[in-house]
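Visitor: here's my sequence, what's the structure:
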Amino acid sequence: MDRVSKKLLGYLLEALNHPDLSGFELIEILDIRSQLAAREPILSDNDKTELETLDQHLLELAELLVTRISEVADLAQMRKKAHVLPSHWWWYLDEITMRKKKAFG
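Guide: Residues are numbered from 1 along each chain as shown. Have a look, this model is predicted:
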């Protein structure tokens with residue numbers, strides 16, 4: 001894997017191990033995940049597996065991340081303004097969290 005992808009994966013791993021980041025830093029995490037999505041075709045199988053593990057961790061922290069991000073920005077507005085693709089599901093953590101709450105009360 002190239003150095004840039006390795007650096008982005010490392011940054012994402014470090015950030016998700018310290019979810020007490022500010023909302024601004026968490027928005028940067030979502031952006032880094034989008035950068036990694038663009039690089040997925042050149043990732044090794046091991047790196048793709050690591051990314052899947054990080055994605056699972058991202059989902060586990062979704063409610064906390066949405067709370068922190070909402071302190072500084074409106075995720076729905078950011079998605080709209082940036083024309084985020086639905087395939088970049090991490091930008092939809094607010095909707096994922098809301099649906100989970102509805103489903104499980």
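
Visitor: now the helices for this protein?
Guide: Counting by DSSP state H, the chain has these helices, from start to end: 3-16, 23-39, 45-60, 62-70, 75-82, 93-104.

Visitor: could those helices go into a markdown table alongside mean neighbour count?
Guide: Any C-beta I mention is one placed from the backbone N, CA and C, and that applies to glycine too. Shown next, in a markdown table, are the helices of the chain (neighbours: other C-beta atoms under 10 Å):
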| stretch | mean neighbour count |
| --- | --- |
| helix 3-16 | 15 |
| helix 23-39 | 17 |
| helix 45-60 | 14 |
| helix 62-70 | 18 |
| helix 75-82 | 14 |
| helix 93-104 | 13 |
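
Visitor: surely residue 29 meets residue 17?
Guide: No. Between residue 29 and residue 17 there is no contact under C-beta atoms under 8 Å: 11.6 Å.

Visitor: export the helices of the chain to JSON lines and tack on mean pLDDT?
Guide: Output for these, formatted as JSON lines (pLDDT from 0 to 100):
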{"stretch": "helix 3-16", "mean pLDDT": "93"}
{"stretch": "helix 23-39", "mean pLDDT": "95"}
{"stretch": "helix 45-60", "mean pLDDT": "95"}
{"stretch": "helix 62-70", "mean pLDDT": "94"}
{"stretch": "helix 75-82", "mean pLDDT": "94"}
{"stretch": "helix 93-104", "mean pLDDT": "90"}
